[in-house]
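1. predicted coordinates and the sequence they were generated for:
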Amino acid sequence: MTTFLIILIGLWTYPIISFIVLWLTKNRLELRRQLIIASSILTALAFFGLATNISTTLSELDWLIVSTIYLTISLTLAWTQFQKNKILKVFGIIAMVLVFGVGYLSGTIGALGVGFVVGEYDTEYEEWLGGGIIYKESTLGNAVSDHRGKKVEIYKTISWLPLIEWRREVKEYKEYITIMTTPLTIDYKPENNKIYLSASMWWEHDKKNITWADTLIINK
């Protein structure tokens, strides 16, 4: 829910915040430049993290950084309206109608769809297994999706910089039992660099208990 609110509030407020910030700094151009640079740096970090699967161990911070992509776009479009070039202003107005229009539609009428998209990338269960190994589960799809499943990811962090993590392994499961079991039973064997996953549940159709198991090998 927190991550959904971060994205939703960003869609609602970033266009307004951008105009307010640029208006307040119209006579302080150096401060304006520094704010735009800071936003651009965070956006670059967001794209870098998405491309390399490097993130922070704080999910909310990750989503805040990702949301700066829209903030930078909003600042750039608002900036066009503070320029003397009329062609640039007209281009900016057209782009704002399209971009902000889609943003506000997504944040209002399409809020449920935004929730579904965010939910698919949001971690449902997380456990620190020791030795800097972090186990994460997330749900693929939703109740109205054609595809359903579970994604398991293994991340690694280091003791002297526990804020940063990077993904070591990822695997998706489509079995019904994995979708219905959260979390899966986890047995980490650091001496073998393996994580043993298992699950069991009562299958009413066949009147029996069904089981499932898999092994993840953590590459060094």
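-> Good, I have the coordinates.

2. hey, let's count contacts and neighbours off CA atoms from now on
-> Noted.

3. go through this structure and flag its longest strand.
-> The single longest strand within the chain, with elements called by DSSP state E, is strand 161-173.

4. what packs against it?
-> Contacts defined by 3 or more CA pairs under 8 Å, 6 or more residues apart in numbering; DSSP states H and E place strand 161-173 against strand 54-56, strand 149-158.

5. so which of those comes closest to Gly119?
-> strand 149-158 (12.1 Å; CA to CA).

6. which elements pack onto that closest one?
-> strand 133-140, strand 161-173, helix 176-180.

7. how about a cut-off of 10 Å?
-> Here strand 149-158 touches strand 54-56, helix 111-121, strand 125-130, strand 133-140, strand 161-173, helix 176-180, strand 208-217, going by 3 or more CA pairs under 10 Å, 6 or more residues apart in numbering; DSSP states H and E.

8. and it, which strands flank it?
-> strand 133-140 (antiparallel), strand 161-173 (antiparallel) (DSSP bridges).

9. now those strands in JSON lines, with mean neighbour count, distance to Leu8 and mean pLDDT?
-> Written out in JSON lines, the entries for these read as follows (neighbours: other CA atoms under 10 Å; distance: least, CA to CA, whole Å; pLDDT from 0 to 100):
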{"stretch": "strand 133-140", "mean neighbour count": "21", "distance to Leu8": "20", "mean pLDDT": "92"}
{"stretch": "strand 161-173", "mean neighbour count": "15", "distance to Leu8": "25", "mean pLDDT": "93"}
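
10. any chance of those strands in JSON lines with distance to Glu126 as columns?
-> Formatted as JSON lines, the strands paired with strand 149-158 follow (distance: least, CA to CA, whole Å):
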{"stretch": "strand 133-140", "distance to Glu126": "4"}
{"stretch": "strand 161-173", "distance to Glu126": "13"}
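
11. Thr181: what's it in contact with?
-> Contacts of Thr181 were listed using CA atoms under 10 Å, 6 or more residues apart in numbering, and they are Lys150, Ser198, Ala199, Ser200, Met201.
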